[in-house]
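Chemist: sequence? don't have it. structure:
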């Protein structure tokens, strides 16, 4: 009798899961629009020359836009996946590289930013576009190039048509190895709740993260609290500045560090940058006089909104427009 009940329960659960999958697929189709993102942006049709508040801006061709993504998977990114199984992009950073001054500035984009993203079926075929969490644009792809392309397309749409010059996605599986390769990263602990994740994370102290501590510091958030992803993003900013400092210090002592980091990341990374491009970017930064600080990292302006199910983040388009112009354009004389 017990076996019969268990069999019935399992059968019911499987039927419910199948029914839910069908409903979700139908929802994708009903949400999807037959139109693609508009060719017009908040800059208008000409994205290289912009008139804004009495000034004329022209795209600065010396400033390159590179999209860097941290993917919430621990495995290597060597295999393609079906839509929905490739992970989400939990960390989203748009790097503005000044190729003349060899400096970088970074725009941190909250994962819950609501913007137009492509919706696909399980085979990865685009059904249309809808306003969803930006992080899901990666999930709707194949876990590799297609996911990165969807993210680039969504960020371009979000930022008014800004062309993305290259992308790099790295899974969380590489974090500990990359962290330890530069001798660890020193950060300040200013969140009392972090101690529940690791007893070494004592509020008010500084610690040099080693091994799995890097992932714990970067990924921890209390999902029961509203907008916890924003708090985590601010913590990730401090790690980026700390990592840059450790990398510079390590590079002085160890030749070929940039190549070593690339070799470590390679199995966990998807990128459309060539090896030479990566090394040129890395060496240019290491050889520059820039000391990356919090002032070089900005968060996409916007407002967090809580719903019954998920946190959402709505960008302030006017302030976003000015930020993009400041990062990637120059004022014409």
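Modeler: Right, received. Where do you want to start? What you see is a predicted model, and the numbers here were worked out from it, not measured in a lab. Residues are numbered from 1 along each chain as shown.
Chemist: The most centrally placed residue in the chain: what's it in contact with?
Modeler: Relative to the mean C-alpha position of the chain, the nearest C-alpha, by C-alpha atoms, centre = their mean, is the one of residue 92, at 1.7 Å. In this structure, residue 92 makes contact with 67-70, 108-111, 113, 134-135, 151, 155, judged by C-beta atoms under 8 Å, 6 or more residues apart in numbering. C-betas here are computed from N, CA, C, even on glycine.
Chemist: buried stuff in stretch 228-238?
Modeler: For stretch 228-238, the buried set under the neighbour-count rule, 16 or more other C-beta atoms under 10 Å, comprises 229, 230, 231, 232, 233, 235, 236, 237, 238.
Chemist: Residue 97: which of those residues is nearest?
Modeler: When the buried residues of stretch 228-238 are compared for distance to residue 97 (C-beta to C-beta), residue 237 wins out at 17.7 Å.
Chemist: Skip the chain neighbours and tell me the closest residue to that closest one.
Modeler: Leaving aside its chain neighbours, residue 237 sits nearest to residue 297 (4.8 Å; criterion: C-beta to C-beta, 6 or more residues apart in numbering).
Chemist: ok, that neighbour - contacts?
Modeler: Taking C-beta under 8 Å, 6+ apart as the contact definition, residue 297 lies against 105, 106, 107, 108, 237, 240, 241.
Chemist: so where's the stretch 201-333 of the chain uncertain?
Modeler: 333 (pLDDT under 70).
Chemist: Now do the strands for it: every range, in order, please.
Modeler: Assigned by DSSP state E, counting those that start in this stretch, the stretch 201-333 of the chain shows strands spanning 206-209, 269-271, 297-299, 302-306, 311-315, 329-331.
Chemist: Comparing the ones you listed, which comes out most buried?
Modeler: Sort the strands of the stretch 201-333 of the chain by mean neighbour count, taking mean count of other C-beta atoms under 10 Å, and strand 269-271 sits at the top with a mean of 21.
Chemist: Go ahead and name everything in contact with that strand.
Modeler: By C-beta under 8 Å, 6+ apart, the list of residues contacting strand 269-271 from outside reads 77, 144-145, 147-148, 166-171, 174, 278.
Chemist: can you check stretch 55-68 too?
Modeler: 47-51, 91-100, 148, 151-152, 155, 162-170, 273, 281, 325, 327-332.
Chemist: if we can go back for a sec, could you dump the contacts of strand 269-271 to a markdown table with secondary structure and neighbour count?
Modeler: As requested, those are exported to a markdown table (DSSP: H, G, I helix; E, B strand; the rest coil; neighbours: other C-beta atoms under 10 Å):
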| residue | secondary structure | neighbour count |
| --- | --- | --- |
| 77 | coil | 27 |
| 144 | coil | 16 |
| 145 | helix | 16 |
| 147 | helix | 29 |
| 148 | helix | 27 |
| 166 | strand | 20 |
| 167 | strand | 22 |
| 168 | strand | 20 |
| 169 | strand | 26 |
| 170 | strand | 21 |
| 171 | strand | 24 |
| 174 | helix | 23 |
| 278 | helix | 19 |
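Chemist: Out of those residues, give me the two with the largest separation.
Modeler: The most widely separated members of those, counting by C-beta to C-beta, are 147 and 278 (19.4 Å).
Chemist: circling back: ok, now how distant is the residue nearest to residue 237 from residue 57?
Modeler: Relative to residue 57, residue 297 is positioned 22 Å away (C-beta to C-beta, to the nearest Å).
Chemist: same thing with residue 198?
Modeler: With the distance defined as C-beta to C-beta, residue 198 ends up 46 Å from residue 57.
Chemist: Same question for residue 69.
Modeler: Taking C-beta to C-beta as the measure, residue 69 and residue 57 are separated by 27 Å.
Chemist: Show me which of those two is the more surrounded one.
Modeler: Neighbours per residue, other C-beta atoms under 10 Å: of residue 69 and residue 57, the larger number sits with residue 69, 30 against 20.
Chemist: Might one say that that one is in contact with residue 151?
Modeler: Yes: Residue 69 is within contact range of residue 151, at 6.2 Å (criterion: C-beta atoms under 8 Å).
Chemist: got the residue ranges for the helices in the stretch 51-200 of the chain?
Modeler: Taking DSSP state H, counting those that start in this stretch as the test, the helices found in the stretch 51-200 of the chain are 136-139, 145-158, 175-181.
Chemist: Model confidence for residue 148, exactly?
Modeler: Here the pLDDT value assigned to residue 148 is 97.
Chemist: wait, what's in contact with it?
Modeler: By C-beta under 8 Å, 6+ apart, the contact set of residue 148 is 67, 69, 138, 141, 167, 169, 270, 271, 272.
Chemist: List just the nearest of those residues to residue 263.
Modeler: Using C-beta to C-beta, residue 271 is the member of the contacts of residue 148 that lies nearest residue 263, at 13.6 Å.
Chemist: Report the beta-bridge partners for the closest one.
Modeler: With DSSP bridges as the criterion, residue 271 is bridged to residue 168.
Chemist: Give me the distance between the spatially closest residue to residue 278 that is not a sequence neighbour and residue 189.
Modeler: In space, not counting the residues next to it along the chain, residue 278 is nearest to residue 262; the distance is 5.8 Å by C-beta to C-beta, 6+ apart. Spatial separation of residue 262 from residue 189 under the definition C-beta to C-beta is 30 Å.
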